[in-house]
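mind folding the following:
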Amino acid sequence: MGLSAEGITHVYIDGGLTIQGFLREGLVDEITLTLVPVILGEGKSLFGPLRKDVLLTHLSTRTFDFGYVQVKYKKMG
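Numbers count the residues shown, from 1 in each chain. The predicted structure is shown next:
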(Lines give C-alpha, C1' and ligand atoms only; values in the text may rest on other atoms or scores of the structure.)
Protein backbone atom coordinates (compact mmCIF):
# COMPACT_ATOMS: atom_id res chain seq x y z
CA MET A 1 0.00 0.00 0.00
CA GLY A 2 1.46 3.38 -1.01
CA LEU A 3 1.39 6.55 1.02
CA SER A 4 -1.22 8.15 -1.25
CA ALA A 5 -3.59 5.25 -0.51
CA GLU A 6 -3.31 6.27 3.15
CA GLY A 7 -4.25 9.88 2.31
CA ILE A 8 -0.71 11.27 2.56
CA THR A 9 -0.15 13.95 -0.10
CA HIS A 10 3.07 15.72 1.00
CA VAL A 11 6.29 14.20 2.32
CA TYR A 12 9.44 16.08 3.33
CA ILE A 13 12.55 14.34 1.99
CA ASP A 14 16.00 15.44 3.10
CA GLY A 15 19.53 14.16 2.73
CA GLY A 16 21.51 13.78 -0.47
CA LEU A 17 21.33 10.00 -0.90
CA THR A 18 17.66 9.87 0.09
CA ILE A 19 16.71 12.60 -2.38
CA GLN A 20 18.78 10.93 -5.11
CA GLY A 21 16.88 7.67 -4.62
CA PHE A 22 13.47 9.35 -4.78
CA LEU A 23 14.50 11.28 -7.91
CA ARG A 24 15.81 8.12 -9.63
CA GLU A 25 12.50 6.37 -8.97
CA GLY A 26 10.48 9.32 -10.31
CA LEU A 27 8.79 9.90 -6.95
CA VAL A 28 9.38 13.66 -6.69
CA ASP A 29 6.59 15.94 -7.95
CA GLU A 30 7.76 19.19 -6.36
CA ILE A 31 11.11 20.38 -5.09
CA THR A 32 12.08 23.37 -2.98
CA LEU A 33 15.69 24.54 -3.11
CA THR A 34 17.04 26.92 -0.50
CA LEU A 35 20.10 28.88 -1.60
CA VAL A 36 22.50 29.99 1.11
CA PRO A 37 24.83 32.89 0.26
CA VAL A 38 28.09 30.92 0.53
CA ILE A 39 30.25 29.81 -2.39
CA LEU A 40 31.94 26.52 -1.58
CA GLY A 41 35.42 25.84 -2.90
CA GLU A 42 34.68 22.16 -3.40
CA GLY A 43 31.72 19.89 -3.01
CA LYS A 44 29.57 17.17 -4.43
CA SER A 45 26.83 17.32 -7.03
CA LEU A 46 23.56 18.38 -5.41
CA PHE A 47 21.55 15.40 -6.63
CA GLY A 48 24.20 13.02 -7.92
CA PRO A 49 23.95 11.12 -11.20
CA LEU A 50 20.46 10.55 -12.61
CA ARG A 51 19.43 8.37 -15.56
CA LYS A 52 17.72 11.31 -17.28
CA ASP A 53 17.10 15.01 -16.83
CA VAL A 54 14.21 16.08 -14.59
CA LEU A 55 12.38 18.98 -16.26
CA LEU A 56 10.95 21.53 -13.83
CA THR A 57 8.52 24.46 -13.97
CA HIS A 58 9.04 27.44 -11.65
CA LEU A 59 6.27 27.88 -9.07
CA SER A 60 7.56 30.58 -6.73
CA THR A 61 10.57 32.38 -5.32
CA ARG A 62 10.84 33.70 -1.77
CA THR A 63 13.63 35.84 -0.33
CA PHE A 64 14.58 36.22 3.31
CA ASP A 65 16.12 39.29 4.99
CA PHE A 66 19.10 37.21 6.16
CA GLY A 67 20.09 36.38 2.56
CA TYR A 68 18.51 33.00 1.83
CA VAL A 69 16.53 32.54 -1.38
CA GLN A 70 14.01 29.73 -1.63
CA VAL A 71 12.86 28.55 -5.07
CA LYS A 72 10.00 26.10 -5.59
CA TYR A 73 9.58 23.99 -8.73
CA LYS A 74 7.09 21.41 -9.98
CA LYS A 75 8.07 18.44 -12.13
CA MET A 76 6.84 18.77 -15.72
CA GLY A 77 4.82 15.97 -17.26
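
how about the nearest residue to Tyr73, chain neighbours excluded?
Using C-beta to C-beta, 6 or more residues apart in numbering and skipping the chain neighbours, the partner closest in space to Tyr73 is Leu56 (3.8 Å). Heads up, the C-betas are built off the backbone N, CA and C, glycines and all.

residues in contact with the one you found?
31, 73-76 (C-beta atoms under 8 Å, 6 or more residues apart in numbering).

among those residues, which two are most distant?
Comparing every pair within these by C-beta to C-beta identifies Ile31 and Met76 as the most remote, at 11.9 Å.

poorly predicted segments of this protein, please.
The model of the chain has pLDDT under 70 over residues 1.

that older thread, just send the contacts of Leu56 back as a markdown table, with neighbour count, distance to Ser60 and secondary structure too.
Shown next, in a markdown table, are the contacts of Leu56 (neighbours: other C-beta atoms under 10 Å; distance: C-beta to C-beta, whole Å; DSSP: H, G, I helix; E, B strand; the rest coil):
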| residue | neighbour count | distance to Ser60 | secondary structure |
| --- | --- | --- | --- |
| Ile31 | 18 | 12 | strand |
| Tyr73 | 18 | 9 | strand |
| Lys74 | 13 | 10 | strand |
| Lys75 | 15 | 15 | strand |
| Met76 | 8 | 16 | coil |
